[in-house]
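Q: Have a look at this fold, sequence not included:
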C-alpha cells in the first residue's frame, strides 16, 4: 500500500525489508485487532507503541522524511495511533534537538527506543504565540532548576511514567520575567496530576489528560531550552510537518476504502463527483511536497515557513474531503459502527482541528502576510 515516495532510512535493519514496510506490517498485525477499541477508549495501546519503538519507529530522526513515512504507515491502519506516533516522535524531536547535553544523555536513547513514552504539551503555548490563548504555566528559578505551576487542558500519549515537552513563562519578579523556558515534564512527579478528559468523538484511547502542576520541581537536566523561543523556531517546521504523516496515512486508507467498494457499487458510485483517482493524485502531491520540505526542516526563510503552514492546511482539508468521500462511496455499510469508514471520518476531523488547527493555520498565514508586507514597505 505504500508508494515509492516513502524511503528506506539509513537506520533501517540490515535485512531486505524496508523501514516503512516493517512499520506497516507491524502496525497491521498489532493495531488492526484493536483499532476500534483504541477509538472508543477501551484500550491505550502502550505495548504496541513499545513494540513499534523496538522496530525503530521512533528513532528515524536523522532524516525527518523517514519519521513522517513511519507515521503515515501507522496511520493507514489507525489514525489514533498515528497521532500517538506523532506525539512520541515529537518528544524525540525535542530531545535530539535540545542544546542540553545532560538531557540528551539521560533521555534520548529511551525515548527513541520506546522504553520511555510520552508526548508534547505545546497546544497551549502554540496558541499563545499567535494571540489565541494566554500561556497557562508559570515558573520561578530555584537552586538546581525551576518550580512550575499551572494547568494544561489537553496533553496526549501520557501515562503514570510518561514524559512530555512543554513551556512555562517566568513569573513576575524573576530576573528574566516574561521569558519562556521549554522543559520535559515527568508524569511520575507527585506534584504533577493527570486528570482524564471527558469522552471524545473519536480516538479516545490516546492517553489524553488535563495536567496540573503544583510547584513541580523541574531539574536543570530536564530543561530543553532556556530561553525557549529560538529553540521553538528551530523545531517548529518539523513539529508541524510530522503531523502530515497522520494525514497521508488516513488519506491513503480512504482511497483504499473507495477502491474496495468499487466492484459492487461502481454502477452508482460513478455519479459521485470525487473518485479515488482524484484523491490518489492529491495524495501524491501532498506526499511529494511533504518529503521535499522535510528534507530541510531547519530552513529559516519566511517563504519556507509559509509553505510548511500552507501544506499542513491542505493536509487537513484533503483528509476531511477524502474521508467524507469514502463514507459516500460506502453508503449505508459505511454508516455501520463496525465499519472503518465512519471511524476514518471522525479521525479526519481531528487532523483538521489538532493544534495548529485549520483556523489557527489560516490566522498564522494572515499574520505572516501582514508582517511580511510591513517588512517590504519598510524596505
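A: Arrived safely, thanks for sending. Being a predicted model, the structure only gives us computed values, none of them experimental.

Q: Low-confidence ranges, this structure, go.
A: Scanning the chain for pLDDT under 70 picks out 1-16, 177, 374-379.

Q: Could you check how far the residue positioned nearest the centre of it is from residue 41?
A: Nearest to the geometric centre of the chain sits residue 86, at 3.4 Å (CA atoms, centre = their mean). Relative to residue 41, residue 86 is positioned 19 Å away (CB to CB, to the nearest Å). All C-beta atoms are positioned from the backbone trio N, CA, C, and that covers glycine.

Q: nearest residue to the residue nearest to the centre of the chain other than its sequence neighbours?
A: Leaving aside its chain neighbours, residue 86 sits nearest to residue 242 (5.3 Å; criterion: CB to CB, 6 or more residues apart in numbering).

Q: repeat for residue 202
A: Leaving aside its sequence neighbours, residue 202 sits nearest to residue 346 (CB to CB, 6+ apart; 3.5 Å).

Q: what's the one you found sitting at in phi/psi?
A: The phi/psi pair for residue 346 (degrees, to the nearest 10) reads phi -70, psi -40.

Q: for it, what are its contacts?
A: Taking CB atoms under 8 Å, 6 or more residues apart in numbering, we find residue 346 in contact with 39, 201, 202, 203.

Q: Now restrict these to buried residues only.
A: 39, 202, 203 (16 or more other CB atoms under 10 Å).

Q: what's the spacing between the last one and residue 256?
A: As defined by CB to CB, residue 203 lies at a distance of 20 Å from residue 256.

Q: related to what we said a few turns ago, mind checking which of the buried ones among the contacts of residue 346 land in helices?
A: Among these, DSSP state H puts residue 39 in helices.

Q: Domain boundaries for this structure, per the record?
A: For the chain, the domain assignment from automatic domain parsing gives the residue ranges 19-113, 118-225, 231-378.

Q: Check those for me and report the most buried one.
A: Counting by mean count of other CB atoms under 10 Å, domain 19-113 has the highest mean neighbour count of the domains of the chain, with a mean of 22.

Q: Tell me how far it lies from the chain's centre.
A: Remark: domain 19-113 is offset 10 Å from the chain centroid, using CA atoms, centre = their mean, to the nearest Å.

Q: still on that earlier bit, could I get the contacting residues of the residue nearest to the centre of the chain?
A: Residues in contact with residue 86 (CB under 8 Å, 6+ apart) are 71, 242, 243, 245, 246.

Q: Would you convert these into a markdown table that also reports secondary structure?
A: Formatted as a markdown table, those follow (DSSP: H, G, I helix; E, B strand; the rest coil):
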| residue | secondary structure |
| --- | --- |
| 71 | helix |
| 242 | helix |
| 243 | helix |
| 245 | helix |
| 246 | helix |
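
Q: Which one of these is nearest to residue 272?
A: For the contacts of residue 86, the minimum distance to residue 272 (CB to CB) is 24.7 Å, reached by residue 246.

Q: Tell me which residues touch the nearest residue to the closest one once chain neighbours are set aside, please.
A: Nearest non-adjacent residue to residue 246, counting by CB to CB, 6+ apart: residue 82, 4.5 Å away. Going by CB under 8 Å, 6+ apart, residue 82 touches 71, 72, 74, 75, 245, 246, 249, 250.

Q: Quick check: residue 151 is in a helix.
A: No - under three-state DSSP, residue 151 falls outside any helix and is assigned strand.

Q: which phi and psi does the residue lying closest to it once chain neighbours are set aside have?
A: The spatially closest residue to residue 151, leaving aside those adjacent along the chain, is residue 212, at 4.7 Å (CB to CB, 6+ apart). Note on residue 212: backbone dihedrals following degrees, to the nearest 10 are phi -110, psi 130.

Q: what residues are up against residue 212?
A: Contacts of residue 212 by CB under 8 Å, 6+ apart are 150, 151, 192, 193, 195.

Q: same deal with residue 351?
A: Residue 351 makes contact with 79, 243, 246, 247, 250, 315, 316, 319, 320 under the criterion CB under 8 Å, 6+ apart.

Q: Alright, that wraps it up for me.
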